[in-house]
Each structure stands twice: as C-alpha cells, then as structure tokens.
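K.L.:
Sequence and computational prediction follow.
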Amino acid sequence: MRRAWNRARGAPGVAGGPILATRPGMVRPRSKLALVVGAAALLTGAGERLELAGAGSALGRARPVAAARAQARALDAKKFAAPIAEHLHLVPDPEIVLATDVAADNEAYRHAVIRFVRAVAAGERATCALAPEGSLAPIVWLYQDGAPIGRGESASGNVCVALKDATRRAVAAAGARRETVETSRFVVELPEQDFAVIEHEGKGVELTNALVPVRVLDKALVRARLDDVKEYLLRAMDPQRHGVHKVYHADTDSFEDELHTIYTASTALTLLKLHAREHDPELLERARRAATFTLSMQHRAPADRASGGFYYSLDTKTGERDERLIVGTASKTIFTLLELHRVTRERPWLDAAIAAADWLVTMQRPDGSVRSHLRREPNGKWTASTKQSLLYTGQVVSALSRTYRVTRRAKYLDAAASTATWLADLVAERGCYLGDDYRRPNAISSSWVVLSLLDFVKASGDARTERLVLRCADDLLSRQIRDPSDAYRAGRWKGALSSSGNGWLAEVTSEVYLHCRERDLGGCERFKDAVVAAARNLLQYTFSPANAFLAKNPEAANGGVFWSARDRFVRTDSVCHSANAYLNILDHLGDEALLRVPERPLSERIALAASRREPREGDVLDEPDAGDAEP
C-alpha cells in the first residue's frame, strides 16, 4: 500500500495491511472499521432499525439488535476498563452549574452537549443547558486520527451528572492527557433519545447511524461536493503511471497496491465530464494521461483470439498484470476512449476502442449471450468463463452501440442487436427485476439492462425497446426508498447497501432522465426526482470535514465516497458514479431547497426516552445486501 497523501505528492509510500475477500468475486479490504471502529459501538439515530456490532462481526447478515447491543457494550467496556481504572483519579471532577435556559431544539441541544463535555474535559466549571430531569445513560467517545482512543459510559437519574461522569471516564480511558484531549474530537451518544452528536469546530453536528445526515439538499451543496470529488479523483491517480487505485483505506490513509484499468477509465471519463463543464485544460490532460495507462493495459496481438481486450489490473510492486481480460473492463474503457476521441479528435483513442469492440464481438455466443472473461492459463492458452453476468452483458451492448454511433459500421450495431435481443427476451420471460449467475435478482444488475438497452435505442432508434427501457426504469423507481422520515435510508434502493450500487443507480436514472427530456417523452421529472433523492443519500457517504472523524487523514479522504455506514473505505467507482449523476442533473436544478428530510423534534426524543422499550430479539440490523459485489 501507499501512504495516500504523500503518494499524491509523488513521495514514496509505506507498506500496509492485506485485503480480504469476503464474498466470491468481491474483494473487500481488511478494516478495523465497523461503523464506529474499534471493539464495537452503537451509534443511534434511526430508532432500532440499524445497530452496530463489533469489527469482527458478520455485519452483512441480519443480527438481533439486543444481542448486538449487549455484545458491543461488553467488548467496549472490556477494552477501556483498565485505562479508566488507572487514570480516573487524574481527571478533574468539576462543578456543574445549571443554565437558566435549557436547550429547546435539536441544534441547540447538540451544541449544549458539546460545550458541556468540553468544559468537563478541561476541568472547568461546566454549565449544563440540558434539562436535568430524566434517566440518561450516555456514551462518550474520543476520536483521534480516525480511531477511538477513549470511551466512557455512565447512568444517572440526572442528565448532567450522567454526562459528566461518562466524559470523565472517556478522558481517563484516553490516558488523562490534556494535549491528547485537546486534539481529539468528541462523539456523544444518548441511546435512550435516539440522539448522537459529533464535535466539529466547537459545535455539535448530528449523527445518524454514524453518518452526518443531509437534512436539506440544494444545488450549492451538490456543486461544492463536486469540487471535492474532483480533487479526490486526482489524488487517487498514481503520479508516475497515471493509473487509478480501486480502493482507498481511510483508516490507514493508504491505497491498495494495484492500479485497475476499469477504474482508471471511469476516472478519466468523469474528468472529461468535468472538463466539459469547467473547460479546465488540466482536467483534459489528466484524463489523457489516465487513458494512456489504459492503452498500456491493452492486449494487442493480431493472431491471438484475445487481442483487443484489456488486462484487469497492474500490481505496482511486482509489475505483474492480472491475466484476465474481462468484457466489462473493455466495455467501460471503450466509453472513455470514444469520448476522449470526440473531444481531442486524436486517432489512437478511436483505434484502441475499435480493437476492443472487435474483441467484444468474439466474446458473444450465437444466442447473443456474452462470455464474461478470458483467463490466460500457465500454458499460455486462454480459457473462457462459463458464467453469465448481466452487468458485463449490459456493458457489452452499451459499448458496441456507442462504437457504432461513432464509426457507423454495421457489424457493431448487428452485434449490439443480438445481445440486446437476448436481454429483451430475458425481460419478457422474467420481468425487469433480474439476477444472474453471480447475484440473485437485484436493482444493480437490472439497471444495467436499462442502460444497455437505452444505449441500443440511441444507436438504433428502436421504439419498442425504448418503451421497454421506460417500463424497466419505472420498475427501478418503485424499488427506491422514499420515506422522508428515514434520513439513513431515504434515497437508496432496496437491497443496495453500498455507495457504489446506489451511485450507479443514480447515474443510470440520470441518463434515462436526459433521454426522456431530449425525446419529450413526458413525465420526465419522476426520474430527476429519484436522482435528487439518491444524491441526498450519497452525500451522507461522502467524506467531508464534519464526518471525517473515522478517517486517519481527513484531508486525503475529503471528497471520497465511502462504501457504507459500516465500511469506511472509498472505492473509486462510488466516486465516479456519484459525480456523473450530479453532473447530469446539475443544470436542471433550481436554486431553492430541492429536498428536506425533517428531524424528529427534541420534545419527541425526550418523550421517547421516557417510554422506550427494550429491543426485541427479532429486531435486525438491516436487510441483506442484494447485489453490490462485482462478479
């Protein structure tokens, strides 16, 4: 691995930890993060719909909330018990002064919590502007460099007393060192009130399931995050080879060793989209460098059946390439090469795209289905995968359709039509919600059917297929969560738990929206509204100064879209998909607030705390992840 911030400046990196495959076909980095990191923690904010278990837990599976909560607290207590016992006597026990006026709304309450906790930690007289009556069992954390260094828990019939005791324990757990406390950030959880707050710039910021929720979305926020995303993508590019890493580990501030062709191509395409908007020659140059790396990964041997395909990745330590030629890698690289040729009119980009398209044609079966990849065996021969992937099949249709639109060579349209017909027949047989040999039916695989057939419509003008695209796009919309009271879930799709999956669904929906408008098909706003809802959700998963308490290097992580609430690594496609969706709709947004997700009033939270039931054994973490893994 390479130290991300230093590597972005061209400095040598340092070795890091391994990556761990957790599902067939999915490479997931080993991480000590599990929503809040460390032994375990429970951040509240969405009732009991999601709870957090320890880093070693199988969080992808539904688990009883009560069991998860008990295990988490037991692990945390064990981890911090010894330093608390050793240092608690060193922590001052300041006087509590009750404020004349108590906090009456959520924002004021959060600020009051952080002011009080800071005063206690400093050993000063602590003014408590919280209503003192009522039982409270707060959990107070200290975070530094992306990791928890202290935790304290207490319980009392007096809110101020309980919060003071928990704060003193957290300070003791961190070693009772003033300089450590001053350079750390507090996180405070009030489980009985479904209330959590993170310290940021001396104030309290809302947390919901370890996310800083976006309660109000407007165009200015989208534009600001696009600037952050742009800078993140430029940092993710290797300064010598100009390829792009797939994964950034926020907990260790490091990238993986490999550079990936498909993520390099995706990054270059997003940079080209940004260049079209900003007219910044540096963005075009960086996209050109990235595309040059992809050309170095293309297999060019005219007598070889595999000529034109792209190797999947390059190990920067060994210099060895992954000996797989995946049709999805070739297809999405074609997207980029064709766009770069359109912008620059430079022939090498088109020539490489044509060679890749020719190879894709050889990967089609007579019935129109597609072989997913070739692998070179030790004897030098290539063997083809027998599994069927709707992602890869859809990508092939899109790539061949786009190649036809540029070259006007009938063989590419004919090839695209063969596989588009295969997909349309599959929809006719099984419906719009589809799975394949890698996944059960899910929104992400289904969305590739939508985009691929949309690309075919653009190439062929086929009205029947266009109607099928809209029908299946509407089916996807029906699966989006749109509950305005659920800040954690609202905007994402059922069964899609990662930012990559939801970012891709947002990008596809934005493409349908643009086509709908261009063709004046009517009712197009429904697609834009879905993208807006998804954008609000995705922005909650984007590292920013307020939510980067789980990142070792907040500046390096800024703009990166982390995988999920429980996994804070950044995958490059999450960043690209989100950015592409934002760019597609930005000019179609008004300046007013686009979406509001209201917060539960403070009075209701306090009433809830008084009547809160214990979680039942049947309560679960979340629905299972249905389709975010790669084949």
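P.N.:
Alright, I've got the coordinates. Numbers count the residues shown, from 1 in each chain.
K.L.:
what residue is smack in the middle of the protein?
P.N.:
With the centre of the chain defined as its mean C-alpha position, the nearest residue by CA atoms, centre = their mean is residue 499, 2.9 Å away.
K.L.:
Contact partners for that one?
P.N.:
538, 541, 561-564, 571, 574, 578 (CB atoms under 8 Å, 6 or more residues apart in numbering). Where C-beta positions appear, they are placed from N, C-alpha and C, glycine not excepted.
K.L.:
Next one, pLDDT for it please.
P.N.:
Looking at residue 499, its pLDDT stands at 97.
K.L.:
Mind checking which of the contacts of residue 499 are in strands?
P.N.:
Among these, the ones falling in strands (DSSP state E) are residue 571.
K.L.:
Can you flag the buried ones in the contacts of residue 499?
P.N.:
Buried by 16 or more other CB atoms under 10 Å: 538, 541, 561-564, 571, 574, 578, out of the contacts of residue 499.
K.L.:
Among these, which ones are in helices?
P.N.:
With helices taken from DSSP state H, the overlap with the buried ones among the contacts of residue 499 comprises 538, 574, 578.
K.L.:
of all the residues you listed, which comes closest to residue 283?
P.N.:
Minimum distance to residue 283 across these is 17.3 Å, recorded for residue 578 (CB to CB).
K.L.:
Report the secondary structure element holding the closest residue to that closest one other than its chain neighbours.
P.N.:
Ranked by CB to CB, 6 or more residues apart in numbering and with sequence neighbours excluded, the top spatial neighbour of residue 578 is residue 503, at 4.2 Å. Residue 503 is located in helix 499-519, with elements delineated by DSSP states H and E.
K.L.:
For that helix, what is the distance to the chain centroid?
P.N.:
Mean C-alpha position of helix 499-519 versus that of the full chain (CA atoms, centre = their mean, to the nearest Å) differs by 17 Å.
K.L.:
Buried residues of that helix, list them for me.
P.N.:
By 16+ other CB under 10 Å, the buried positions in helix 499-519 come out as 499-516.
K.L.:
returning to what we had before: verify the contact between the residue nearest to residue 578 and residue 561 for me.
P.N.:
Yes: between residue 503 and residue 561 there is a contact under CB atoms under 8 Å: 6.7 Å.
K.L.:
Could you tell me which residues touch both of those two?
P.N.:
Taking CB under 8 Å, 6+ apart as the contact rule, residue 503 and residue 561 both touch 538, 574-575, 578.
K.L.:
Out of these, which comes closest to residue 598?
P.N.:
Nearest to residue 598 among the shared contacts of residue 503 and residue 561, with distances taken as CB to CB, is residue 538, at 19.6 Å.
K.L.:
now the helices for the stretch 151-300 of the chain?
P.N.:
159-173, 178-182, 219-235, 261-278, 281-296 (DSSP state H, counting those that start in this stretch).
K.L.:
Output the contacting helices and strands for the fourth one.
P.N.:
Looking back up the chat, that one is helix 261-278. helix 219-235, strand 244-245, helix 281-296, helix 327-344, helix 572-585 (3 or more CB pairs under 8 Å, 6 or more residues apart in numbering; DSSP states H and E).
K.L.:
now the ones you listed as TSV including mean pLDDT?
P.N.:
Formatted as TSV, these follow (pLDDT from 0 to 100):
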stretch	mean pLDDT
helix 219-235	97
strand 244-245	98
helix 281-296	98
helix 327-344	98
helix 572-585	98
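K.L.:
To residue 485, which of those lies closest?
P.N.:
helix 219-235 (20.8 Å).
K.L.:
tell me which residues in that closest one are buried?
P.N.:
Buried, per 16+ other CB under 10 Å, within helix 219-235: 219, 221-222, 225-226, 228-230, 232-235.
K.L.:
now stretch 372-392
P.N.:
For stretch 372-392, by 16+ other CB under 10 Å, it's 372-376, 382, 384-385, 388-392.
K.L.:
Report the mean per-residue pLDDT for it.
P.N.:
Computed over stretch 372-392, the mean pLDDT rounds to 94.
K.L.:
Contacts for that stretch, please.
P.N.:
304-306, 309, 323-328, 331, 363, 369-371, 423, 434-438, 444-446, 448-449, 630-631.
K.L.:
Which PyMOL command selects the buried ones in those?
P.N.:
PyMOL command restricting these to the buried ones, with burial defined by 16+ other CB under 10 Å:
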select buried, resi 306+309+323+324+325+326+327+328+331+363+369+370+371+423+434+435+436+438+444+445+446+448+449+630+631
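K.L.:
Among the contacts of stretch 372-392, which lie within strands?
P.N.:
Assigned to strands by DSSP E, the following of those qualify: 324-326.
K.L.:
Put together a markdown table for those, with pLDDT on each row.
P.N.:
As requested, the ones in strands among the contacts of stretch 372-392 are exported to a markdown table (pLDDT from 0 to 100):
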| residue | pLDDT |
| --- | --- |
| 324 | 96 |
| 325 | 97 |
| 326 | 97 |
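K.L.:
With distance to residue 355 added, can I get those residues in CSV?
P.N.:
Below are the ones in strands among the contacts of stretch 372-392 laid out as CSV (distance: CB to CB, whole Å):
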residue, distance to residue 355
324, 18
325, 12
326, 16
